[in-house]
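> I'd like to go over a predicted model; first the sequence, then the structure.
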Amino acid sequence: MIKRQQQVLSTKSPSKAAKKTMTSKPKKVGLSVGELIVKAVAASKERNGLSVAALKKALAAGGYDVDKNKARVKTAIKSLVAKGTLVQTKGTRTSGSFKMNKATESKAKKPAAAKAKKPAAAAKKSPKKAAAALQLLDRTTLKENCRDC
């Protein structure tokens, strides 16, 4: 029996393994797992956040194969919590409930609002600066005139 196994092993040519080449897989089109999670949590209006079970249901409803990619979902949740995008409201590690971090939401909203306000604020400041400069100029000319007196 052992001799027969050795014969079978020796008949396999090692050149076939060497001839196999790596084929590059086409890059996946679509959002990453982290982006899908952020969208699902942002879309939920739950006060205490979205539980992991509900999050997985939302991902499955969006067409993502959660059963096949459990580990990716967990690592994506961990990284989003570490970045500060998500806040864990209940539970530990990757179990419990998660909601969007208010600080990241406000950062996303503030730059757009600040950009809109800056031109208006600059327009308001420029007449004041001009008026202040004129008043300063008037004061200096009055002081110079008084010195001459």
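Okay, I see it. Residues are numbered from 1 along each chain as shown.
> Name the next helix or strand following the helix or strand of the chain with the lowest mean pLDDT along the chain.
Lowest on mean pLDDT, DSSP states H and E among the helices and strands of the chain sits helix 15-19, with a mean of 55. Counting by DSSP states H and E, the next helix or strand C-terminal to helix 15-19 is helix 33-43.
> Okay, buried residues for that following helix please.
For helix 33-43, burial by neighbour count (16 or more other CB atoms under 10 Å) applies to Val33, Gly34, Leu36, Ile37, Val38, Ala40, Val41. No exception for glycine: its C-beta is placed from N, CA and C like everyone else's.
> likewise stretch 61-76?
Those would be Tyr64, Val66, Val73, Ala76, for stretch 61-76 by 16+ other CB under 10 Å.
> okay, it in CSV with CA atoms only?
Output of stretch 61-76 as CSV, limited to C-alpha atoms (Å, rounded to 0.1, in the frame of the first residue of the first chain):
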residue,chain,number,x,y,z
ALA,A,61,-30.9,43.7,2.3
GLY,A,62,-28.4,45.9,0.3
GLY,A,63,-27.1,42.8,-1.5
TYR,A,64,-23.9,42.2,0.6
ASP,A,65,-23.2,38.6,1.5
VAL,A,66,-22.8,38.9,5.3
ASP,A,67,-22.5,35.1,6.0
LYS,A,68,-19.5,34.8,3.7
ASN,A,69,-17.8,38.0,5.0
LYS,A,70,-18.4,38.0,8.8
ALA,A,71,-14.8,38.7,9.5
ARG,A,72,-14.7,41.7,7.2
VAL,A,73,-17.8,43.2,8.8
LYS,A,74,-16.2,42.8,12.3
THR,A,75,-12.9,44.3,11.2
ALA,A,76,-14.7,47.2,9.5
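> For that stretch, give me every contacting residue.
Contact partners of stretch 61-76, identified using CB atoms under 8 Å, 6 or more residues apart in numbering, comprise Ser32, Val33, Gly34, Leu36, Ile37, Ala40, Leu55, Lys56, Leu59, Ala60, Thr94.
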